[in-house]
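# Structure here, sequence nowhere to be found:
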């Protein structure tokens, strides 16, 4: 039985991984950077050893926390390294331009904190950040509905409605609750 097919919101499987990481985060974040790098390396070594043994299929390609732990740790590493780099406004603008130019190409993780430093006070950027999680959760059910529509590009209406739905959730639900 393919268990993920029984989920109402299929992408919700990631919430379990996040909860595990947040459960471990208070202990992990106290460690020095070399230990965190070693844990990330161990997670990736475990993952790729398992794949090499012929288990490079679902659910092992993702969803298994010990294999995904290294991905979370890459975020911790990027944050720590980014804090040690100088973050001046001209440098942040230059990094932002390079990042925009590099869309679709691997972006080195150490640039992300500098981009955040530049854009953290932009209202539009904040709104995009706010709709990202509702969009992540609502795109799947809407895509399932859209795939039944007779259209040459069924993903386009689903994308449009998912963005509208996510915006509505933020404006009509999330923000009023936060103000309250």
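Okay, I see it. If you're wondering where the values come from, they're calculated on a predicted model, not measured in any experiment. Numbers count the residues shown, from 1 in each chain.

# shaky segments in this protein?
1-8, 10, 86-87, 92, 95-96, 98-115, 146-155 (pLDDT under 70).

# Kindly recompute the last result at 80.
Along the chain, the model assigns pLDDT under 80 to residues 1-15, 56-63, 82-120, 139-158.

# mind listing the helices for it?
13-28, 33-52, 65-84, 89-101, 112-119, 123-146, 155-169, 175-179 (DSSP state H).

# Figure out how far the longest one is from the centre of its chain.
It refers to helix 123-146. Distance of helix 123-146 from its chain centroid, counting by Cα atoms, centre = their mean, to the nearest Å, is 12 Å.

# So what touches that helix?
Identification of contacts with helix 123-146 by Cβ atoms under 8 Å, 6 or more residues apart in numbering yields 8-12, 119-120, 154-155, 157-159, 161-163, 165-167, 169-170, 174-175. No exception for glycine: its C-beta is placed from N, CA and C like everyone else's.

# 7 Å - rerun?
Applying Cβ atoms under 7 Å, 6 or more residues apart in numbering, the contact partners of helix 123-146 are 9-12, 119, 154-155, 157-158, 161-163, 165-167, 169-170, 174.

# Please give me every residue in contact with residue 21.
residue 72.

# Next one: the closest residue to residue 50 other than its chain neighbours from residue 51, what distance?
Spatially, and ignoring its direct neighbours in sequence, residue 50 is nearest to residue 60 (6.1 Å; Cβ to Cβ, 6 or more residues apart in numbering). Going from residue 60 to residue 51 by Cβ to Cβ, to the nearest Å gives 7 Å.

# Repeat that for residue 180.
Separation of residue 180 from residue 51 (Cβ to Cβ) stands at 47 Å.

# more crowded one of these two?
residue 51 (14 against 5; other Cβ atoms under 10 Å).

# That one and residue 72, how far apart?
From residue 51 to residue 72 the distance is 19 Å (Cβ to Cβ).

# ok, now residue 145?
32 Å.

# the more surrounded of the two?
residue 72 (21 against 13).

# OK, contacts around that one?
By Cβ under 7 Å, 6+ apart, the residues touching residue 72 are residue 21.

# Against residue 173, how distant is it?
From residue 72 to residue 173 the distance is 28 Å (Cβ to Cβ).
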